[in-house]
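S.K.: A predicted structure for the sequence below; I have some questions about it.
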Amino acid sequence: MTDPGTGTTTPASATPPLRLGTRRSALATSQSGWVADRLRAAGREIELVLVTTEGDTSRRSLTEIGGTGVFASALRGALLDGRIDLAVHSLKDLPTAAADGLVVAAVPEREDPHDVLVARDGLALRDLPAGAVVGTGSPRRAAQLGLLRPDLEIRDIRGNVDSRIRMVRDQVLDAVVLARAGLARLGRLDEATEVLDTEDMVPAAGQGALAVECRADDTGLAAELAEILDHPATRAQVSAERAALAALEAGCTAPVGALAEPGPSGEHHPADGPPSATLILHAFAALDTGAQRRVTSGAVDAPEELGRAMAALLLNRPDPTGLVAAGSHTPESDL
């Protein structure tokens with residue numbers, strides 16, 4: 001377009017910034033900022049849009065306000081009504097069922113998925129005295145803690161990273177269990193007193209990973225996000241984990257964990273092709289039949305099939321040791 005005053009030609013319109021929706025918590029804005037920085041490095045202008053979810057404002061148990069998806073629904077609503085162009089979720093907060101009109105365009109490389117203990121006096125889990133009070137809002141963590149240390153008192157709590165750690169500093173609790181990824185993203189990893197081994201504490205499906213979601217009909221943006229941000233190995237791993245969760249019909253209100261890791265190449269031998277790379281899937285579930293841990297493996301290029309196979313193991317083969325599941329607790333929060 002020519003400016004009549006100067007005779008110079010200018011673009012008809014500049015490319016508007018992408019509006020990236022994020023929850024308001026320090027952890028959410030930190031991980032959304034990480035995504036925004038990578039998009040800016042690729043030449044995109046980004047505007048962060050803060051969205052309040054009911055999970056952020058309510059102090060009630062998540063089972064009372066909707067459980068699975070309570071942190072994601074407001075962001076998804078903002079996407080669908082056009083207030084934002086893309087949203088960043090903690091993948092473990094995202095329901096396993098696809099949302100109509102939306103697509104997970106990218107799953108960036110995940111942070112370390114381990115859980116950690118933040119305890120008074122620098123204590124490890126094994127060193128906590130009998131009767132020590134450990135806080136968590138996660139039934140998955142509570143069930144596994146109950147198996148590891150049945151002599152502890154497990155207390156249901158809500159709140160962000162800072163408020164949970166403050167409960168330990170203020171001697172309200174002896175310890176809390178949090179996601180290592182959250183502390184790492186907040187620069188507070190030095191406050192962890194122990195990284196819990198996945199043999200003892202299987203993480204939540206998708207823990208440490210992010211999901212970048214946009215409208216399904218915005219195919220150009222979806223392709224751009226995938227090219228800049230998607231990490232195929234992480235996507236395969238979390239796809240297996242979430243497929244197990246979906247087949248169990250479990251969400252954040254269920255004491256279920258799953259973690260997929262790369263296995264040795266060439267160990268999977270399909271009947272109709274050459275050996276391929278593998279995934280090893282670890283899972284924990286405290287079902288009506290008892291608590292059990294399982295490990296199985298499958299082809300990296302068929303992660304959903306692997307997840308469904310794990311669910312079948314958990315549903316059909318109760319643990320012969322007869323481990324007893326911990327009692328009911330409130331669901332996984334934003335950690």
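M.R.: Yep, it's here. Computed from a predicted structure; not experimentally measured.

S.K.: CA atoms for contacts and neighbours, from now on please.
M.R.: Fine.

S.K.: The helix or strand containing residue 105 - what's its average pLDDT?
M.R.: Using DSSP states H and E, residue 105 maps to strand 102-106. In this model, strand 102-106 has an average pLDDT of 97.

S.K.: That strand pairs with which strands, parallel or anti?
M.R.: Strand 102-106 has these partner strands in its sheet, going by DSSP bridges: strand 210-215 (antiparallel).

S.K.: chain center to the strand it pairs with, what's the gap?
M.R.: In terms of Cα atoms, centre = their mean, to the nearest Å, the centre of strand 210-215 is found 13 Å from the chain centre.

S.K.: What of stretch 90-97?
M.R.: 7 Å.

S.K.: Test my guess that residue 165 contacts residue 118.
M.R.: Yes. Using Cα atoms under 8 Å, residue 165 is in contact with residue 118, at 7.1 Å.

S.K.: Now for those two: what residues contact both?
M.R.: residue 176 (Cα atoms under 8 Å, 6 or more residues apart in numbering).

S.K.: So the two - more neighbours on which side?
M.R.: residue 118 (27 against 24; other Cα atoms under 10 Å).

S.K.: what packs against the helix or strand hosting the more buried one?
M.R.: Assigning secondary structure by DSSP H and E places residue 118 in strand 115-119. Other helices and strands packing on strand 115-119, by 3 or more Cα pairs under 8 Å, 6 or more residues apart in numbering; DSSP states H and E, are helix 161-169, strand 175-179, strand 194-195.

S.K.: Just name the most buried of these.
M.R.: strand 175-179 (a mean of 26; mean count of other Cα atoms under 10 Å).

S.K.: Pull up the pairing partners for that one, direction included.
M.R.: strand 115-119 (antiparallel), strand 133-136 (parallel).

S.K.: So for that strand, mean pLDDT?
M.R.: 98.

S.K.: can you give me the end-to-end distance of stretch 132-149?
M.R.: Start-to-end span of stretch 132-149 (Cα to Cα, to the nearest Å) is 10 Å.

S.K.: average pLDDT for it?
M.R.: pLDDT averaged over stretch 132-149 gives 96.

S.K.: So which bits of it are buried?
M.R.: Judged by neighbour count using 16 or more other Cα atoms under 10 Å, the buried positions of stretch 132-149 are 132-147, 149.

S.K.: Show me those that map onto strands.
M.R.: 133, 134, 135, 136 (DSSP state E).

S.K.: Return the member of the residues you listed nearest to residue 160.
M.R.: The nearest member of these to residue 160, counting by Cα to Cα, is residue 136 at 11.2 Å.

S.K.: in the sheet, who's paired with the closest one?
M.R.: residue 156.

S.K.: looking at it, it is touching residue 155, isn't it?
M.R.: Yes. Applying Cα under 8 Å, one finds residue 136 in contact with residue 155, separated by 6.4 Å.

S.K.: Same list, the helices and strands packed on strand 115-119, but as a markdown table with distance to residue 232 please.
M.R.: Formatted as a markdown table, the helices and strands packed on strand 115-119 follow (distance: least, Cα to Cα, whole Å):
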| stretch | distance to residue 232 |
| --- | --- |
| helix 161-169 | 29 |
| strand 175-179 | 23 |
| strand 194-195 | 26 |
